[in-house]
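In: build me a model:
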Amino acid sequence: MTIRDTRKDKYAKVPKVRLAALLTILEDPKLNKSGSTDLMEQKSFTIVHGPNFVDVSYCNFIAQKPEIAKLWADEILKMAYNLIAINASPMTFLHKAYKKLCLSADRANKVSVKNIVKLFARHGDDKKRVEVALEAAGLPSGKNDTVLLEKFTWETFLVFYHMLTNRLEVEKVFCALTEQPYSGNRKTKLRGMSVEQLVKFLNEEQRDPRLNEILYPYADTNKALEVIRDYEPIKENIAKNVLSCEGFLKYLMSDENTVMSMEKLDQCDDMDQPLAHYFINSSHNTYLIGHQLTGRSSVEMYRQCLLAGCRCVELDFWNGRLEEPVIVHGFTLVPEISAKEVIEGIAESAFKTSEWPVILSFENHCNPRQQAKIAGYCREFFGDMLLDSPLEAFPIEPGVALPPPSLLKRKIIIKNKKKHRNHHHHMRNTPGGESQFHVELNQPGESRPTEMQGNGEIPRPLLEKEGSRESSEEENEVANGEIPDGGALDVVSSSSDEEEGALTPEEIHEREVTSPERGTTDAEEEAGAEISALVNYVQPVHFHSFEAAEKRSRSYEMSSFVETHSSNLLKESPMEFVNYNKRQLARVYPRGTRVDSSNFLPHQFWNAGCQLVALNYQTLDLAMQLNLGIFEFNNRSGYLLKPDFMRRPDRRFDPFAESTVDGIIAGTVSVKVISGQFLSDKRAGCYVEVEMYGLPADTVRKRFRTKTVPNNCINPVWDEEPFVFKKVVLPELASIRIVAYEEGGRACLGNRVLPIVGLRPGYKHIALRNEAGQPLGITSLFVHVKVGDYVPHGLSDFAEALANPIKYQSELEKRAQQLSVFQDDEEMEQEGGDGDPPHTPVKKIDSRTSQGDGSLNVGEDGPNKLSKTKSNGEVPDTTMTAHESTPIGSQTSKLLIEAEGLDKLWNNKSVKEKRIELEKNIDKLRKKYEKERQNLTQQQEKRRSQLQKSHSKLVKKYSANKGIEPTGTVKRESTQELGSMQEELEARLQELEKSYQASLNELGQAILLAEKKLQEKYHEPEKA
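Out: Here you go, the predicted structure:
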């Protein structure tokens, strides 16, 4: 059972089915001496548990005193979200499994064998394996047998574990480290690991080479002796200072040998940077617990997201019945929930697991009266937590950075359209010249023109797609519950009005031309004065361009981007996007066609520095698994500090960089999957995949996969070649994902997301997680991880020499001695002669050339010229000397070749011919591509035309059959059918467009590949 929340006092949930039992308790004078219902409420608390954020259950308790209820609720919540416990070692989880079996003992203190077998296996063959292991450990193994707790000790359980898993792969590693021969059928006892061997193992295999030697010293003899004392089970070995294979395994599975650095789980980031310098854990359409169009809404989802560390949630307000605002997904079949209950739930859960600021992203479609109610609820429930005015040190002015999270602890920030007191020509004047803050309160019997009589609801019109001048492919669709920040351009006195006031008349005219007025049917309502007063540091505005945003330099303005628009901006202006995110917030949300609530991979926008990458929390897909894994760092605060080069204005960063980023050392990661333990209680085959996510150049998917081990999930062994990520350009943004699958990919048996910056090298056991990021208990993988700095091919010796010059010099001397056996007798005599200094390169040339006829032409100055030096002590240039000392005659043993310049080589006739031939072939390829592209375009236009013609014929035929009203309008009952026809046409046109784009992409890739191969062919040397 995964505990997700505890609630006390009035927030404790009491199911209706148990109401009668509760009333009985209230009436019992022994349990409720005061007879007060309020006091009984203070004694109650609820435990919320479930496998994910959606499927939760409730368990209710009543304590004897309110203090006891509070103590239990608080402490249970702390244990549930204890990061050290969640990141515990496999040995800790194994001990928990042992304790669970002990707690299942009956009154006679006996543990049933059935319970032991059930913990590890369900299939008949696997059950037999467990029974055999029990018998080998000296325990009863019959189906109806029991084990006394006195005999079922922790040590006995470990023996049973060894018999069941048969960790021969660990024994193989142990033999390699202790220089012993390995045998799978060993009959003799293994020799223990000495202190010297253990020190070498700790320093060479387990130590992170990236660590500073002063802050993190190398292991010494004392450290090795400490490891032996802590993990060696045999006392005789402790006295002899040796570590047995059993003790070695205990160390490998211990909390001291976790795969992630515990320091990264603490509050390790600097929280005094501006708000825009952090990645912020964000949610999209938080109220939904399923499908975007037909799913359900829940107040509970807000609580679960906030408890999981989410710091930005979304609220879509609409007018509700009886003048009470509701939260609902507009234009869909999703049921509504009470806005008041949501705000109350946020107030109770916002800072239970993280004290860092929460951003509430309001999308407001309410009338002024109901907006005023929302503002009132915010002030009522949030109280002092509500940030309703800016901080004195950080005024809302151009050029002033956003405040840091450290100054916003336990504060709730509202993101909503804001009214401004500036009046501009673009604003509409209210009737009678009234102030823009005037709220016309209608009489109870009256209704606004856009409101329905009776219930106060605004009719929700059909979906309309907003145009955009930023990109023809941008999808500002309301199908996903999103309105581009700032609403429509004709909304009265919104944030965009002040924005327009800062522009020149030419810019305003250009904007009016490129962005014509649109209807407000699907736009947000104008901001009321009451709710506008709550908005400060997060003011939504329309995005126009990076240049305009930089010119305005207003850090408090933020824009939301649909994922398709963000991708286009990222492709067109990657470095400008990064610079934009250094100054102000950007929110990215899923496109409207993701009606199944799927998610995009967040790394593509984290790479650009986007802070609020909003995901659908109800869908625990790959994207959410990455999100949960990464935001576990920094004490699960929901805030992660961006790398230095993504924050500093004087640094430039290209998210598509393939070479080493300036000032950042690229890394190398190697992962060898050795074995698995208890991956499933089913009898099935299994395999493991290793992936990396980060920059496009670092992302590796579906490339590294182990073989499939058939019919064994208890202790599968792979022990294959390591998976090497040779060059990780930006380790700070990269993460490894290790996932175990059932054979055929039918089910994910467990996964783990490991950010590179917190990865610890060595032989490690990785405790796997479920999709919600919760530990799976004893399920683990045994791997060998190596990390280091990237060294280009051919420079490894040079890097080694820089790291250890003394060792490198000794290696050179050793190699020179080894090569001496190949020397001629004359060379040996010269070296062992009068103790002359070693020959210089020029002297070597002289000695070689003198072996001809004994003559040597050294010029006018003779041999003395070679030994001359300049007046400042420098050795003269020997280039001329080498030319002058070149021997003349037919008996010359070697000739010195003079290098030619690059320009001369390019002008060579044969090179010119090859270059012309290459250019002609490339030109042919490009012409071929253009011709095929035109053919594809013509076919696309033809198909579109055919579809539209057939649709028009179908509509005409349908209208003729149904008949036309005298007024000239189609019959009311036919409207829905015509609408469905139109939707079908649009869907088919979208499918056609996707197919066309896919064909274009395939064609472009094929041409690029052909061009690359052609260039490689011409650059390869000709074979003899």
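
In: keeping just the C-alphas, turn stretch 351-365 into CSV.
Out: Extracted C-alpha coordinates of stretch 351-365, given in CSV (Å, rounded to 0.1, in the frame of the first residue of the first chain):
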residue,chain,number,x,y,z
PHE,A,351,2.7,23.1,1.4
LYS,A,352,2.5,19.7,3.1
THR,A,353,5.5,18.2,1.3
SER,A,354,7.1,21.3,-0.2
GLU,A,355,7.3,24.8,1.3
TRP,A,356,8.3,26.4,-2.0
PRO,A,357,5.9,28.8,-3.9
VAL,A,358,2.9,27.5,-5.8
ILE,A,359,1.6,29.1,-9.0
LEU,A,360,-2.1,28.9,-9.7
SER,A,361,-2.7,29.2,-13.5
PHE,A,362,-6.2,30.7,-13.8
GLU,A,363,-8.1,30.5,-17.1
ASN,A,364,-11.1,32.6,-16.3
HIS,A,365,-14.4,32.4,-18.3
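
In: enumerate the positions of it that are buried.
Out: Buried residues in stretch 351-365, counted by 16 or more other Cβ atoms under 10 Å: 351-354, 356-365. For every residue, glycine as well, the C-beta is placed using N, CA and C.

In: and what of stretch 150-158?
Out: For stretch 150-158, burial by neighbour count (16+ other Cβ under 10 Å) applies to F152, T156, F157, L158.

In: what of stretch 362-380?
Out: For stretch 362-380, burial by neighbour count (16+ other Cβ under 10 Å) applies to 362-375, 377-378.

In: which single one of those residues is nearest to A734?
Out: Using Cβ to Cβ, E363 comes nearest to A734 of those, at 33.9 Å.

In: on the three-state scheme, the closest one is what?
Out: Following DSSP: H, G, I helix; E, B strand; the rest coil, E363 is assigned to strand.

In: now, the buried residues of stretch 150-158 that are in helices?
Out: Per DSSP state H, helices hold the following members of the buried residues of stretch 150-158: T156, F157, L158.

In: now do the strands in the stretch 551-700 of the chain.
Out: With DSSP state E, counting those that start in this stretch, the ranges of strands along the stretch 551-700 of the chain come out as 557-562, 586-589, 612-615, 639-641, 667-677, 686-693, 700-705.

In: what's the fourth one packed up against?
Out: Packed against strand 639-641, as judged by 3 or more Cβ pairs under 8 Å, 6 or more residues apart in numbering; DSSP states H and E, are the following elements: strand 278-283, helix 633-636.

In: can you tell me which of those is most buried?
Out: strand 278-283 (a mean of 27; mean count of other Cβ atoms under 10 Å).

In: which helices and strands does that strand pack with?
Out: Counting contacts by 3+ Cβ pairs under 8 Å, 6+ apart, strand 278-283 packs against strand 312-318, strand 612-615, strand 639-641.

In: tell me which of these sits most buried.
Out: Highest mean neighbour count of these: strand 612-615, a mean of 27 (counted as mean count of other Cβ under 10 Å).

In: note down every partner strand of that one and its orientation.
Out: strand 278-283 (parallel), strand 586-589 (parallel) (DSSP bridges).

In: turn these into JSON lines, including distance to E557.
Out: Below are the strands paired with strand 612-615 laid out as JSON lines (distance: least, Cβ to Cβ, whole Å):
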{"stretch": "strand 278-283", "distance to E557": "16"}
{"stretch": "strand 586-589", "distance to E557": "11"}
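
In: JSON lines for those strands, including distance to E336 and mean pLDDT?
Out: Shown next, in JSON lines, are the strands paired with strand 612-615 (distance: least, Cβ to Cβ, whole Å; pLDDT from 0 to 100):
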{"stretch": "strand 278-283", "distance to E336": "19", "mean pLDDT": "98"}
{"stretch": "strand 586-589", "distance to E336": "21", "mean pLDDT": "97"}
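
In: wait, which of the ones you listed is closest to D698?
Out: For the strands paired with strand 612-615, the distance to D698 is smallest for strand 278-283, at 16.9 Å, taking Cβ to Cβ.

In: run through the stretch 851-1000 of the chain and note the low-pLDDT ranges.
Out: Along the stretch 851-1000 of the chain, the model assigns pLDDT under 70 to residues 851-906, 961-976.

In: that older thread, and of the helices and strands packed on strand 278-283, who's closest to V199?
Out: If you check each of the helices and strands packed on strand 278-283 against V199 by Cβ to Cβ, strand 639-641 wins as the nearest, at 35.9 Å.

In: who's in contact with the closest one?
Out: Contacts with strand 639-641, where a contact means Cβ atoms under 8 Å, 6 or more residues apart in numbering, come from 269-271, 273, 277-281, 311, 356, 405, 630-631, 633-634, 647.

In: okay, now the sheet partners of that strand, with direction.
Out: Partners of strand 639-641 in the sheet, by DSSP bridges, are strand 278-283 (antiparallel).

In: give me the contact list for the partner strand.
Out: 269, 305, 309-314, 359, 405, 587, 606, 611-617, 627, 631, 638-642.

In: what angle separates that strand from strand 312-318?
Out: In terms of direction (axes from the mean of the first three to the mean of the last three Cα atoms, to 10 degrees), strand 278-283 departs from strand 312-318 by 40 degrees.

In: ok, which pair from the buried residues of stretch 351-365 is furthest apart?
Out: T353 and H365 (31.1 Å).

In: packing partners of the helix or strand encompassing N935?
Out: Here N935, judged by DSSP states H and E, is contained in helix 909-962. Helix 909-962 sits against helix 972-1019, with contacts defined as 3+ Cβ pairs under 8 Å, 6+ apart.

In: run the chain-centre distance for the helix it packs on.
Out: Distance, stretch centre to chain centre, for helix 972-1019: 29 Å (Cα atoms, centre = their mean, to the nearest Å).

In: specify the angle between it and helix 909-962 in degrees.
Out: Per the same axes, to 10 degrees, the angle that helix 972-1019 makes with helix 909-962 is 170 degrees.

In: from here on, count from 9
Out: Sure, I'll start numbering at 9, so the last one becomes helix 980-1027.

In: re the thing from before, and which of the buried residues of stretch 359-373 is nearest to M99?
Out: Nearest to M99 among the buried residues of stretch 359-373, counting by Cβ to Cβ, is T361 at 26.6 Å.
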